[in-house]
Every structure is written in C-alpha cells, then in structure tokens.
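Trainee: Sequence unavailable; structure follows:
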C-alpha cells in the first residue's frame, strides 16, 4: 500500500484524521469551530488519551484512530530483539489498552478483534517480528480506506431509500443529531453522509441539526461541517426538536450509532431516544445510519449495552465543561454520554451493504441474518454488493 493515503475523494472535505505511513495527526475537535489544530499522535498511549479526552470522537473515527496510533508506534519502533511471540503479546496488550478508552462504541472493540486476528494469522506464516508489524500496519491502513468507501455507500443507500419512502421527490427537510460527518469518521460520514448525498443529488432543501448538549457536537461540529460543505442548514435547540416536528417541517430524521444490538436497539448520543419518541408520535420516519461494524451480535438487546458516563463538569460549566461555571457548586450531576433507542421506534437501519427493514408488522429486524450474509475477513475484496433486506 502506498505510504501516503488519499483519504477523501473531494479536496474540500474536512479531515479529522491525517495519516501517512509512520505519522498520524488528529484534528483537535475540542477547539472547533474557532481553531483548527492538529495534534501529532506518536504511539498508542497518545491515541488512548486523544480518544478519552475527546480530541477525536465518533465511533468510526475512534476505531480508525486507535488502529492507526498503534500502526504509527510499531512503524517507528526500529529494529527490535523480540521473538514473534513477543511481538504478538505487545500488539495484543496495546489493542486491549486502546479498547478501554471508550467502552460504548463497538467499532473500537470490533477493530481490535479483527486486527488481533490479522496478527495471529501473520504469526502462523511469518518468522520475524518485523513481518508481524508490517501485517498489522497494512491491515490498519486497509481499515482507514474501507471506512471512507463504506461511508459513501451508506450515504448513497440512505439517500435512495429515504427518497423512495417519501411522498416528496425533492425539497426534503432532514433532521440529524450529534455529529456523524467527516469529523466523526475517516471521511464523508454516516448519517451526515446521507444528508450530503441528498444534497449532492439536488434533493435536500434543509438540514436541521440539533445543538446536542451538553458537549454541543451539533452546534460546534455538525453546523461547522454543513457550512463548510455549503449545505443549507438550520441549527435548533435540543428542546425545540419536538416542536419542529409538530410544525410539519421535518420529512425524516437520520442519526448515527455507537452500538446496535442484535434486535436493533441502538445506542447513540444522549438525546437520540427523545428524538425517536417524538418522531414516533408525529409520524416522522426515524433512520439509523451506521456501518456493519457498529452491530454487536453478542448483545441480544440494548439492555446489555454499557453506557459511558462523562464528567459532571460538562454540565456544570459552559462550553461542554471548558468554560465558566454556570451551575452552583455542590449540585449532583447525572451525565450519560449515550442513550438506547428501542428497535420498535426505528424505521430502518442504513448500512454500507443496504438498508435493513423490518420483517413484518411486529417491528422486528433480522439483523443477524443480514450481517452474516455479508461477513468477510479484513483485507478481503468485499466487492460492491449492496442490497435492501426484507
């Protein structure tokens, strides 16, 4: 693989991740939209802190950043007096460490599992630790490029499906939550990728984005991306989303996902559940857009999803915890980073391989059957097979 990887097909697309063999830079999203500062990530420890401290966020971007931080570390190790088993142990321990940075996003643990499989497979065929490291680096780079291609497929599949399901053929108004664009992925985006695809086809009139308190990913990041891409957009307060739907100004809602259980229950940024309930009440289609790596078939339902809790300071201080204190000292805080939307409130799940729709009127998804029909090993040519599940 070439040492310099082209991450985006369009030069004006924002990049949260800049990578070339042996070097990784992450856009410090805590400073957006006012300052664009890239931080050099030289090893997996720096990668762990960047993920934990929200320098980089968004489930796909977290997974890719973690994988690449370790790729940079081993690329710069130089000659080592290690056995193959030493190399395997080193990579496995660092991957385990990286997974501990953000527990809710399944993409991270999925990437670690796949990369571990690559390492073990390489160990069976190679006798030098340098060859094991090379196999790991190439696998991480494949993940980077695959994420961009998958995002573009999600955007295309989602735009086609939403148009097909809508009574309108143009001038669509779509609401989204949190940030699911180029800043949350390796490039293009998932839910925001769907909006981007609708806009590129001339089908979108307005993209509504919520502020997404308390960390303000919508007002700081999504609004920033929409303006950068010249997509007509309106920012709304989280508490105004239900009133907006009641007004009839929303044709569809599309959100991302950090983890999707086997039954379709979906963990996403806190406030997603509120939107889904309101959408159900007002008859607005509610779509989840995410790569298949966000699906966790080991969990039968959302009841088993671990929900990360963030610092109380994100609520007690302005600017998501970085500004002046606004709440009185001594107040207790509950600050979950995510909530779980039950599958019965979700209209369909948009993936890079097609759209998973419900099997019958009982609001049941056959996610396991859909995923298993497309399961391929990392690095294999998975072709261009896109379909809509019945």
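Mentor: Thanks, I have the structure now. Here the structure is a predicted model, which is why all the values come from computation and not from measurement.

Trainee: most residues in a single helix of this structure, which one?
Mentor: helix 129-165 (DSSP state H).

Trainee: what's the neighbour count on residue 351?
Mentor: 31 (other CB atoms under 10 Å). All C-beta spots, glycine's among them, are computed from the backbone N, C-alpha and C.

Trainee: ugh, wrong one, I meant residue 273
Mentor: For residue 273, using other CB under 10 Å, the count is 19.

Trainee: quick one, what contacts it?
Mentor: 339, 340, 341 (CB atoms under 8 Å, 6 or more residues apart in numbering).

Trainee: re the thing from before, can you give me how far the longest helix of the chain is from the chain middle?
Mentor: On the basis of CA atoms, centre = their mean, to the nearest Å, helix 129-165 sits 12 Å off its chain's mean C-alpha point.

Trainee: What average pLDDT does that helix get?
Mentor: Summarised as a single mean, pLDDT over helix 129-165 is 95.

Trainee: Tell me the buried residues in it?
Mentor: 129, 132-133, 135-163 (16 or more other CB atoms under 10 Å).

Trainee: go on, stretch 279-293?
Mentor: 279, 280, 284, 285, 286, 287, 288, 289, 290, 291, 292, 293.

Trainee: and it, average pLDDT?
Mentor: Computed over stretch 279-293, the average pLDDT equals 97.

Trainee: So what would you say the end-to-end distance of that stretch is?
Mentor: Using CA to CA, to the nearest Å, the end-to-end distance of stretch 279-293 comes out at 26 Å.

Trainee: again with stretch 174-182
Mentor: Stretch 174-182: ends 18 Å apart by CA to CA.

Trainee: Likewise for stretch 156-174?
Mentor: Per CA to CA, stretch 156-174 runs 15 Å from first to last residue.

Trainee: again with stretch 180-200
Mentor: Termini of stretch 180-200 sit 17 Å apart (CA to CA).

Trainee: same thing with stretch 272-292?
Mentor: 19 Å.

Trainee: i'd like the first residue to be 178 from this point on
Mentor: Taking 178 as the first residue, the last one we looked at is stretch 449-469.

Trainee: in stretch 231-247, what's buried?
Mentor: 231-247.

Trainee: Quick check: phi and psi at the nearest residue to residue 212 once chain neighbours are set aside.
Mentor: Closest residue to residue 212 apart from its sequence neighbours, by CB to CB, 6 or more residues apart in numbering: residue 205 at 7.9 Å. Backbone geometry at residue 205, expressed as degrees, to the nearest 10, gives phi -80, psi 100.

Trainee: Pretty sure residue 205 sits against residue 215.
Mentor: Yes. Checked against CB atoms under 8 Å, the pair residue 205 and residue 215 is within contact range at 7.1 Å.

Trainee: Count residues in the vicinity of the residue nearest to residue 212, would you?
Mentor: Neighbours of residue 205 (other CB under 10 Å): 18.

Trainee: contacting residues for it?
Mentor: 212, 214, 215, 216, 232 are the contacts of residue 205 under CB under 8 Å, 6+ apart.

Trainee: Distance check, the closest residue to residue 481 other than its chain neighbours against residue 276.
Mentor: Among residues not flanking residue 481 along the chain, residue 438 sits closest, at 6.9 Å (CB to CB, 6+ apart). For residue 438, the distance to residue 276 (CB to CB, to the nearest Å) stands at 19 Å.

Trainee: Of these two, give the one with the bigger neighbour count.
Mentor: Between residue 438 and residue 276, counted using other CB under 10 Å, residue 438 has the larger neighbour count: 25 against 20.

Trainee: what's the spacing between that one and residue 235?
Mentor: For residue 438 relative to residue 235 (CB to CB), the value is 20 Å.

Trainee: next one: residue 409
Mentor: 23 Å.

Trainee: Poorly predicted segments of this structure, please.
Mentor: When residues are selected by pLDDT under 70, those of the chain lie in 178-190, 538-539, 552-567.

Trainee: all helices of it, in order?
Mentor: Under DSSP H, the chain gives helices at 221-229, 236-252, 261-276, 283-302, 306-342, 368-377, 394, 400-405, 418-423, 449-459, 490-493, 544-549.

Trainee: Of those helices, give the one that comes closest to residue 360.
Mentor: Checking these against residue 360 by CB to CB gives helix 400-405 as the closest, at 6.3 Å.

Trainee: And the contacts of the closest one?
Mentor: 189, 191, 209-210, 356, 358-360, 366, 369, 372, 384, 386, 410, 412.

Trainee: swap the cut-off to 10 Å and go again
Mentor: 189-191, 206, 209-211, 213, 353, 356-361, 366, 369, 372-373, 376, 384-388, 393-395, 408-412 (CB atoms under 10 Å, 6 or more residues apart in numbering).

Trainee: Just the buried ones out of these, please.
Mentor: Using 16+ other CB under 10 Å, the buried ones in those are 190-191, 206, 209, 353, 356-361, 366, 369, 372-373, 376, 384-388, 393-395, 408, 410.

Trainee: Quick check, residue 412 in contact with residue 388.
Mentor: Yes. Counting by CB atoms under 10 Å, residue 412 sits close enough to residue 388 to count as a contact (6.5 Å).

Trainee: Which neighbours do the two have in common?
Mentor: The contact sets of residue 412 and residue 388 overlap at 395, 396, 399, 400 (CB under 10 Å, 6+ apart).

Trainee: Report how many residues lie close to the nearest residue to residue 306 once chain neighbours are set aside.
Mentor: Spatial nearest neighbour of residue 306, chain neighbours left out: residue 264 (3.6 Å); criterion: CB to CB, 6+ apart. A total of 24 residues lie near residue 264 under the criterion other CB under 10 Å.
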